[in-house]
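**Student:** requesting a structural model of the entry that follows:
(chains A and B)
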There are 2 protein chains.
Amino acid sequence: MRYSDRLSKMIVSAGAKEGSLISVTVDGKGHRGVLMPNKDSSDPDIIVIRLKNGYYAGFRAGKGTVIKLIEQPSVNAVAGKARKPKKGLPDIVVMGTGGTIASRADTRTGAVSPGLSAERLLDQIPESFDIANIRTRDLFSMFSENISVEQWQHIAEAVGEEMNNGADGIVILHGTDTMGYTAAALSFMLRELSGPVVLVGSQRSPDRPSSDAPGNISASVRFCASSKAAGVYVIMHDTMNDDSYAVHRGTRVRKMHTSRRDAFRSINCVPVAKMDASGSITFSDEVPKASEKTSVSKNMEKKVILLYYYPGMDPALFRDVVMGSKGVVMAGSGLGHVSGEFASLLKDAIDNGSVVVMTSQCINGPTGMNVYDTGRDLQRMGIIPAGDMLPETAYVKLMWALANSESTEEAKKMMKVRISYETNDRRTADVIW
Amino acid sequence: MRYSDRLSKMIVSAGAKEGSLISVTVDGKGHRGVLMPNKDSSDPDIIVIRLKNGYYAGFRAGKGTVIKLIEQPSVNAVAGKARKPKKGLPDIVVMGTGGTIASRADTRTGAVSPGLSAERLLDQIPESFDIANIRTRDLFSMFSENISVEQWQHIAEAVGEEMNNGADGIVILHGTDTMGYTAAALSFMLRELSGPVVLVGSQRSPDRPSSDAPGNISASVRFCASSKAAGVYVIMHDTMNDDSYAVHRGTRVRKMHTSRRDAFRSINCVPVAKMDASGSITFSDEVPKASEKTSVSKNMEKKVILLYYYPGMDPALFRDVVMGSKGVVMAGSGLGHVSGEFASLLKDAIDNGSVVVMTSQCINGPTGMNVYDTGRDLQRMGIIPAGDMLPETAYVKLMWALANSESTEEAKKMMKVRISYETNDRRTADVIW
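**Tutor:** Below is the predicted model:
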């Protein structure tokens, strides 16, 4: 456990071990939590416990420090031991894919790299085994900036297998960098779902005392265990505090801060639900009805690009990139604009058979392509305004629409209707087609 | 004025005309404001006045409506008439460049196109002439999605001329779509400034009753007239209400909503100042000291690109775009990452003599390229982390740095230090070079 000899002796003589619920009294003040290994600290005299709210606390063990055993970990929570399924509890599969949530810091360089399996992570939240029968399945171990279409397909297939094999819900541990894109991709690939699928990550690695990993994972398991909400969600901290979690729809969520624990935000809508530390879930909008079976439509057209427009963006430079694509999602300026010069290139792409969709780099607010002459001209060319859909979601949706339609025309129609709650516009295929 | 015959007669018999301060009593309630033409309404019986807060209000003139003249407009405020400069007032030049702020809606189609000159716009805020001697200068009339490097240079030159010709401040009316980019460009081009330069736009065209144009312009003129703050700023509504305006640094501001009047936000810092409806200005941070003279460094390297990374971004597809550029700004994922495959392409670009800068597509929060192995690898390749600089500002800064340095090495150094408040990192050239 990397504790000093002195501290190790104190722990052993209290009858405690890693995973035990203990109390630590320092300077007359008692603290209660689960004993954790001291992986991160340069000081082996600091005793680390995980508090009930999921956070870690470290206390320097000095004179007058008292360690008392409160409870030994249940058999289920002991690392590596087989866990017997309990009757009446929902079956949850926790899948590992890598990311910060499965990482630890190199104590020498301080840099973080992935390595923890889903199994090891769950050992840190033993209480999860009281509310669900949890199996783990490591799919791969990658930082999410390297995750792409193949991994989305791999995850979708694994989810389909487990759901149709009796799982009541799936928790996917994922790097935060591109978790929003993966969530959107799974939202389209898994339109028919028999239960909840939750993507969860952390902004600080789980071996750090301040990690948001245990809280986020615990909330995700609780959501899957207690809600029948079908659909694909992202669950992360809702605020900087540790007492509230937001449940975002997979198609509406964007990472909006590089490092804060509340970085994930629902855009152009409120989170579909919020959870507090007690585990209660408050929904603010409808969720899809669970299907009997889960079906997977994992085909994706890879010749799709996402471009954020900027002044000076040279159409000649981007001609080959645009003309070589079957689908182009622009994040235009303002209500959905590009320069006249760039518009000509997009027109050539449309004439060439590409589908061109317009979103806004403002991130917030819908496109509005009837307001200005420029926008009207773009629409006349055949550019499809994406409304309040995120640029990143429109990109993923267009890949999916092109691969799951009979014709370009059908793909265009799919872009104009709501398929997986990706827009507030409730028009569905029945209305438009 | 496009009022009905009946309403026109009422206005004339009250002794009022366009620009008069009047009171309109409707249903026993009095409203006070400046009489405006009714351009937008399909109903010529609605009398339109501009309230003191800058907003327009329309009242249907029916039985019992009473119109009374309070005050005739001062000579200075009358359209087209020559205005005599008043002694002791600061000299402000208002430049027109087009955009919504200089637009009107086509009453037939509802679409908006530019057309109003700066002079016509100022007629709507006659009180501005009581606090400054205002001259207008129309530079061009373009929607800002078409504004690019040439226009930035044109504006910078015009500002230099006017400032060195005795102007105390400059207000630039600009489309909102790319106003942030222009503001950043001017911030680098006009590092030595003898007074304030304010860019201002509006989210709704000035002929609409709900336009934010009069309030924004009025606040901008007041800021230029009463503050000696050198530097380039953007002034727009701070909230959805009409009683507060935010003064953003030109290098820190991004349009964060497609349509709301409070769309412009300072990112990774608070606005440098706020203004209330009364005109008082509260600064929350330092501003650059005014120089004796204004100097213009308008050269820009156009072979610079800005790319937002996304999963599935094919390095082969983007090879020519990247390798053909002297500077590349990436908006990477999370703390500043791209896939390993894409990183190889960036390495080739660096080996080829390009400058590659990393920002984050999260928009909020600094890059952190020492946290993960991936980020460390990217830095080892020579990629420059941009810290808390906006992707759009980094793009403009790199164009400027490459064109205003002796060597690529010098340009790289310029990217690492603060030149025009573009980052919270206070390191300046003296410290690093």
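**Student:** so what pLDDT did the closest residue to chain B within the stretch 201-350 of chain A get?
**Tutor:** Closest residue of the stretch 201-350 of chain A to chain B, CB to the nearest CB: A:Thr258 (3.2 Å). From N, CA and C alone the C-beta is placed, and that goes for glycine too. Here the pLDDT value assigned to A:Thr258 is 97.
**Student:** and A:Thr107, by the same measure?
**Tutor:** So A:Thr107 comes in at 47 (pLDDT).
**Student:** how about the residues of the stretch 151-300 of chain A by chain B?
**Tutor:** A:175-178, A:181-182, A:255-260, A:263 (CB under 8 Å from any CB of the partner chain).
**Student:** tell me who's in contact with A:Gly201.
**Tutor:** Listed by CB atoms under 8 Å, 6 or more residues apart in numbering or on different chains, the contact partners of A:Gly201 are A:99-101, A:144, A:173-176, A:179, A:216, A:236.
**Student:** what is the nearest of those residues to chain B?
**Tutor:** A:Thr176 (6.2 Å).
**Student:** thought that closest one was touching A:Ser205?
**Tutor:** No: with contact defined as CB atoms under 8 Å, A:Thr176 and A:Ser205 do not form a contacting pair (11.4 Å).
**Student:** between these two, which contacts overlap?
**Tutor:** A:100-101.
**Student:** these two: who's more crowded?
**Tutor:** A:Thr176 (29 against 26; other CB atoms under 10 Å in any protein chain shown).
**Student:** doesn't that one lie inside a helix?
**Tutor:** No: counting by DSSP: H, G, I helix; E, B strand; the rest coil, one finds A:Thr176 to be coil, located in no helix.
**Student:** tell me what the helix or strand harbouring A:Lys397 is packed against?
**Tutor:** Using DSSP states H and E, A:Lys397 falls within helix A:391-403. Contacts defined by 3 or more CB pairs under 8 Å, 6 or more residues apart in numbering or on different chains; DSSP states H and E place helix A:391-403 against helix A:179-189, strand A:304-308, strand A:327-332, strand A:355-360, helix A:408-416.
**Student:** for it, which outside residues touch it?
**Tutor:** Counting by CB under 8 Å, 6+ apart, A:149, A:180-181, A:184-185, A:188-189, A:251-252, A:254, A:297, A:299-302, A:304-306, A:308, A:326-327, A:329, A:331, A:355, A:357, A:359-361, A:363, A:386, A:389, A:408, A:411, A:414-415, A:419, A:422, B:310, B:312 sit against helix A:391-403.
**Student:** quick check on the residues you listed: which are buried?
**Tutor:** Buried subset of the contacts of helix A:391-403 (neighbour count, 16 or more other CB atoms under 10 Å in any protein chain shown): A:149, A:180-181, A:184-185, A:188-189, A:251-252, A:254, A:300-301, A:304-306, A:308, A:326-327, A:329, A:331, A:355, A:357, A:359-361, A:363, A:386, A:389, A:408, A:411, A:414-415, A:419, A:422, B:310, B:312.
**Student:** re earlier: top of the residues of the stretch 151-300 of chain A next to chain B by neighbour count?
**Tutor:** A:Asp177 (33 neighbours).
**Student:** am I right that that one is in contact with A:Phe143?
**Tutor:** Yes: using CB under 8 Å, A:Asp177 is in contact with A:Phe143, at 6.9 Å.
**Student:** name the residues contacting each of the two.
**Tutor:** Common neighbours of A:Asp177 and A:Phe143 are listed as A:99, B:337 (criterion: CB under 8 Å, 6+ apart).
**Student:** can you pull the contacts of the residue in the stretch 301-433 of chain A that chain B sits nearest to?
**Tutor:** With CB to the nearest CB, the shortest gap between the stretch 301-433 of chain A and chain B falls at A:Gly365, namely 3.3 Å. With contacts defined as CB under 8 Å, 6+ apart, A:Gly365 is in contact with A:268, A:335, A:388, B:257-260, B:263.
**Student:** same question for A:Ile70.
**Tutor:** A:20-23, A:32.
**Student:** okay, now the residue of the stretch 1-150 of chain A found nearest chain B: neighbour count?
**Tutor:** Nearest residue of the stretch 1-150 of chain A to chain B: A:Glu145, at 3.9 Å (CB to the nearest CB). Number of residues near A:Glu145 (other CB under 10 Å) recorded here: 26.
**Student:** so stretch A:405-423, near chain B or not?
**Tutor:** No: using CB under 8 Å from any CB, stretch A:405-423 stays clear of chain B, with a minimum separation of 13.8 Å.
**Student:** ok, now stretch A:130-139?
**Tutor:** No: Stretch A:130-139 does not reach chain B (CB under 8 Å from any CB); its nearest approach is 15.8 Å.
**Student:** circling back: could you measure from the nearest residue to the residue of the stretch 1-150 of chain A closest to chain B once chain neighbours are set aside over to A:Thr97?
**Tutor:** Nearest in space to A:Glu145, with sequence neighbours left out and distances taken as CB to CB, 6 or more residues apart in numbering or on different chains, is B:His337 at 3.9 Å. Separation of B:His337 from A:Thr97 (CB to CB, to the nearest Å) stands at 16 Å.
**Student:** what sits against the residue lying closest to A:Ser211 once chain neighbours are set aside?
**Tutor:** The shortest distance from A:Ser211 to any residue other than its chain neighbours is 4.6 Å, reached at A:Arg204 (CB to CB, 6+ apart). For A:Arg204, the contact set (CB under 8 Å, 6+ apart) comprises A:100, A:210-213, A:261.
**Student:** quick one: A:Ser275 and A:Asp242 touch, right?
**Tutor:** To be clear, residue A:275 is Met; Ser isn't right here. No: in this structure, A:Met275 is not within contact of A:Asp242 by CB under 8 Å, at 12.0 Å.
**Student:** A:Val287 versus the residue nearest to A:Ser211, what's the distance?
**Tutor:** 30 Å.
**Student:** and if you look at A:Ser259?
**Tutor:** 30 Å.
**Student:** report the separation between the two terminal residues of stretch A:267-284.
**Tutor:** 15 Å (CA to CA, to the nearest Å).
**Student:** for it, what is the average pLDDT?
**Tutor:** For stretch A:267-284, the mean confidence score works out to 93.
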